[in-house]
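Novice: model this:
(chains A and B)
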Amino acid sequence: MKTTELNRRQFLKTTGALIIGFNLFPPSSVSAQSMVEPAADADPKELDSWLAIAPDGTVTVYSGKVDLGTGVETALAQIVAEELDVPFNKVHMVSLDTAKAIDQGITAGSRTIERAGPQLRQAAAAARQELLKLASQRLGSPVESLSVTNGVVSAGAKQVTYAQLIGGKKFNAKIPVSGTGWNMKVAPDVRAKNFKDYKVVGTSQKRVEVPPKMTGEFVYVHDVRVPGMLHGRVVRPPTITSKPGSVDESSVKNIPGFVKVVQEGSFLGVVCTTEWAAIKAAKALKVTWTQPQTKMPAGPDEVFAYLKDTKSLRDQVTVNRGDPEAALSKAGKTYEATYRWPFQMHGMMGPSCAVADVSKDRVTIYSGTQGSFETRTAVAEMLNLPEKNVRLLWREASGSYGRMGADDVSEDAVLLSRAVGKPVRVQWMRADEHGWEPKGPAQLDIVRAGVDDQGKIIAWNFADRGFPLTAALGRGLRLLASRQIGMKPTSDGNSNGTQGGGEMYTFENQKCAAPLIPWVQADETPLRTGYLRAPGDIARCFASESLMDEIAADQKIDPVQFRMRYLGANKRGADALTAVVKQARWQERPSPATVSTETKAIGRGVAISNRADTICGAVAEVEVDKSTGEVSVKRFVLSHDCGLVINPDGLKNQIEGNIIQGVSRALMEEVKFDSTGIKSLDWSTYPVIRFPKIPEIEIVLINRPEMPALGGGEPSSAPIAAAIANAIFDATGVRLREAPFTPERVLAGLKKM
Amino acid sequence: MARISLKVNGKSLVIDAEPDMPLLYALRNDLRLNGPKFGCGLAQCGACTVIMDGNAIRSCVTPMSAVQNKPVTTLEGLGSTKKMHKIQQAFVDEQAAQCGYCINGMIMSSKALLDKNPKPTDSQIREALAGNLCRCGTHIRILRAVKRASGQLV
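Specialist: Take a look at the predicted model:
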């Protein structure tokens, strides 16, 4: 299974060591060797830890953030270029290497621009200050008299470049830093630029890594190859990580290229010299699995009953105003509804992949993790090694939407590499990924509201009953392979978020809560839970914004006008709603529309959301085929306020993605399972949206340059399903309280009318 | 093992491979062509698409035994960052990628479409790409990129 020897040798000759064929950023730290260089972590108090200026004026930034396909590296480079006054194309962001980068916390939660942006801005501003000091000495002019353009410092006619001042040399300067990760404060007293002077921030720079992605030159983690590398595949049962009772090695040992069956606790995998042999061996390996301790739920009804009846770990109350229960008992009319949100998948296009090299007490990992330092810790704990002996070189993976916040595959690669003493590349097969990725958990949302005699909401009680996230890096949680070799979690899981329960509105008596229902099992099941884009908010927004719509319809009030009444104190919320209805050319009237007798009914729906202070207004226009129950979203309009916009086109790209993925999740996506395991193991059993169903999209960016820059990676996912549900009601009079909005559910609703 | 002759991106090659091994693994691992990607191994997502005999095919399910003496074009065969094919350039101009993992399939399927139908309508493009999944939701930009590549962007 190889090219002729001659060809291969020629290839080796022409490509050097056959390792990383191409690197986007020439002055990067990529050494690509399998040897670990143990080093103390980069010290954020050293200015040199953040950035370096090369003799040619190139600025290299050692960011602890990674680009998950959202374009943040480009946006962060804009922030650095702006603050340093250098051309944008002179700034190079280095791919994260735990031996060199600063730990700025996990890349998640749409927090990169919000948190890492100011950290890099301040480091760049501090560097600019140092450069001006040097220039002042060199030019014999006071700092106040200097100006900088494109990395050239001027004092009248005298000029000196950054490269001349420091090119190739160290700053050797300390900067004040407090806190860690997302909460790190960097050089807070250095004055950064006024937004009025911005030239690069706020412009649509093209993404730096897009061209090589279009030609096959870009090196994803899936494309990393190291010398002597073998190929591994994991073997996992379809249901639960029960123990492999008996493993028949003779079933695979005749496969050409077979090296080893690796078994450790419940962890099982194969290693071969070629990828195809590993795939065949994993498939052919005869295994009898023992009976697991944990039982899979029989189906969604059992899950929702469990969510309803089980005592919570903690209630996560975010709003508690007045006395909603007393107000409900006095209300002129009350409303109560229960909304169901299913287990859904991230569904990365490229299944999990990592390369690990474990030799004696040193580990090198190539991974697409969202938390490089967190994966390092997990692996160090798993192998009982000091963290400094583990080095992680990050390479971009497939878009992950939270999935790589649980970097399972790095642990798999480490266990397989340790067992054979050679570097091993592991890629999950499609069924492994669909079956064992941590799922976005099911939620059961119960909303009760009461209105007075004038139809004004005086009571609101919102409870989002959901599961904690049990599969994540850090905080006492354990990933799949760790658990399979017997390591126990010491935590009951992370929060699935709390926003979206109606807290954007002010009601006299109001309670918003998100009770967490226990979900850690003796054995890990494929219904393990993880962060899925805009975690929890989509379901909560679906529930709260649906009930708002239900009340507005019952009161025969236009749903936009109805919402405005309760947004008095929330100016950004009201602005986003005003902006989206203007762009959508919203016709004021109550819902539902006059229901036509035509087979195809048209409707529009509205919703608003606030995730992590990014505010969205959404209007969906749908067409419902009443004969088949099929819903088509024809047009989607969204207004987006994330404060200061760094890269308008990059942001729009993200919002389009949120809308399209959001439409898919609202209309089609539900993980199928029963007591025998997960039934959604490929794209035919877990369908997602395809080209023919893509709606027209219009986006209104509300730029607030006087505000901090907030996140845009996921907040606009939040209102999509709610707006669609409300549009379906407007078109047909059918109120759907369970997602996804499948033809079966629409037909069942129509039948009841 | 069998000796299989094929022509990849214009170069004649002989590869020793098991006849049942899908073409994708020969392209990626033996020829180091990283353009085609493993997405599903089931011909369901399109990430592995290459062009063989003028048709966009799924290399993840095409066995080596079926490619004997066939001409295969991969993403690398269209162009490089130094000299891009007009479709690749159109995708850059429209910033038609987020993670980009699916893009190989999008560009190769578009190439096969435009070779047969140089001025496709919007719905013809949507149909031609209906078998290619994109999870990031870059569809609108991809549609515009194909329109641009076909000289139809107004």
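
Novice: Now for chain B: which helix has the highest residue count?
Specialist: If you go by DSSP state H, chain B has its longest helix at helix B:103-116.

Novice: Which neighbouring elements make contact with the very next helix or strand once past it?
Specialist: With elements assigned by DSSP states H and E, the helix or strand that comes after helix B:103-116 is helix B:122-128. With contacts taken as 3 or more CB pairs under 8 Å, 6 or more residues apart in numbering or on different chains; DSSP states H and E, helix B:122-128 sits against helix B:103-116, helix B:139-149. Just so you know, the C-beta spots here come from the backbone N, C-alpha and C atoms, and that holds for glycine as well.

Novice: can you map out the helices along chain B?
Specialist: B:23-25, B:75-78, B:86-93, B:103-116, B:122-128, B:139-149.

Novice: any idea how far the closest residue to residue A:488 other than its chain neighbours is from residue A:442?
Specialist: The shortest distance from residue A:488 to any non-neighbouring residue, by CB to CB, 6 or more residues apart in numbering or on different chains, is to residue A:478 (6.9 Å). Distance, residue A:478 to residue A:442, by CB to CB, to the nearest Å: 22 Å.

Novice: Tell me if I'm right that residue A:515 and residue A:318 touch.
Specialist: No: between residue A:515 and residue A:318 no contact is recorded; they are 11.7 Å apart, counting by CB atoms under 8 Å.

Novice: For chain B, what is the nearest residue in the stretch 401-550 of chain A?
Specialist: For the stretch 401-550 of chain A, the residue closest to chain B is residue A:430, as judged by CB to the nearest CB, at 4.2 Å.

Novice: count of residues packed around residue A:178?
Specialist: By the criterion of other CB atoms under 10 Å in any protein chain shown, residue A:178 has 11 neighbours.

Novice: Spit out the contact partners of it.
Specialist: With contact taken as CB atoms under 8 Å, 6 or more residues apart in numbering or on different chains, residue A:178 is in contact with A:184, A:185.

Novice: hey, what's it bridged with?
Specialist: Residue A:178 forms beta bridges with residue A:185, as assigned by DSSP bridges.

Novice: where does residue A:262 fall, phi/psi-wise?
Specialist: The phi and psi values for residue A:262, taken as degrees, to the nearest 10, are phi -110, psi 120.

Novice: pLDDT weak spots in the chain?
Specialist: Just so you know, I chose chain A. Low-confidence segments of chain A (pLDDT under 70): A:1-40, A:595.

Novice: Please refer instead to chain B.
Specialist: In chain B, residues with pLDDT under 70: B:154.

Novice: Just give the nearest non-adjacent residue to the residue of the stretch 651-753 of chain A found nearest chain B, would you?
Specialist: Taking CB to the nearest CB, chain B has its nearest neighbour within the stretch 651-753 of chain A at residue A:660, 3.1 Å off. The shortest distance from residue A:660 to any non-neighbouring residue, by CB to CB, 6+ apart, is to residue B:137 (3.1 Å).

Novice: how many other residues sit next to the one you found?
Specialist: Residue B:137: 26 surrounding residues under other CB under 10 Å.

Novice: who touches it in this structure?
Specialist: Residues near residue B:137 by CB under 8 Å, 6+ apart: A:656, A:657, A:658, A:659, A:660, A:661, A:664, B:98.

Novice: Report the two of those residues separated the most.
Specialist: Using CB to CB, the contacts of residue B:137 span at most 14.5 Å, a distance reached by A:664 and B:98.

Novice: Settle it for me: which of these two has more neighbours?
Specialist: Shown here are residue A:664 and residue B:98; by other CB under 10 Å, residue B:98 has more neighbours (29 against 23).

Novice: From residue A:44, how far out is the more buried one?
Specialist: The gap separating residue B:98 from residue A:44 is 30 Å, by CB to CB.

Novice: can you check residue A:621 too?
Specialist: Distance, residue A:621 to residue A:44, by CB to CB: 49 Å.

Novice: Same question for residue A:626.
Specialist: 60 Å.

Novice: more neighbours, those two?
Specialist: Using other CB under 10 Å as the criterion, residue A:626 and residue A:44 rank with residue A:44 on top: 23 against 19.

Novice: How about the backbone phi and psi for that one?
Specialist: phi -60, psi -20.

Novice: what does residue A:394 give?
Specialist: According to degrees, to the nearest 10, residue A:394 has phi -80, psi 140.

Novice: Residues in a beta bridge with it, which ones?
Specialist: residue A:367.

Novice: In the longest helix of chain B, which residues are buried?
Specialist: Applying a neighbour-count criterion of 16 or more other CB atoms under 10 Å in any protein chain shown, one finds B:103, B:104, B:105, B:106, B:107, B:108, B:109, B:110, B:111, B:112, B:113, B:114 buried in helix B:103-116.

Novice: Dump the residues you listed to TSV, plus distance to chain A.
Specialist: Shown next, in TSV, are the buried residues of helix B:103-116 (distance: CB to the nearest CB, whole Å):
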residue	distance to chain A
B:103	6
B:104	7
B:105	9
B:106	10
B:107	7
B:108	10
B:109	10
B:110	11
B:111	12
B:112	15
B:113	12
B:114	15
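
Novice: Mind putting those into JSON lines with distance to residue A:188?
Specialist: Output for the buried residues of helix B:103-116, formatted as JSON lines (distance: CB to CB, whole Å):
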{"residue": "B:103", "distance to residue A:188": "41"}
{"residue": "B:104", "distance to residue A:188": "45"}
{"residue": "B:105", "distance to residue A:188": "47"}
{"residue": "B:106", "distance to residue A:188": "45"}
{"residue": "B:107", "distance to residue A:188": "46"}
{"residue": "B:108", "distance to residue A:188": "50"}
{"residue": "B:109", "distance to residue A:188": "51"}
{"residue": "B:110", "distance to residue A:188": "49"}
{"residue": "B:111", "distance to residue A:188": "52"}
{"residue": "B:112", "distance to residue A:188": "55"}
{"residue": "B:113", "distance to residue A:188": "54"}
{"residue": "B:114", "distance to residue A:188": "54"}
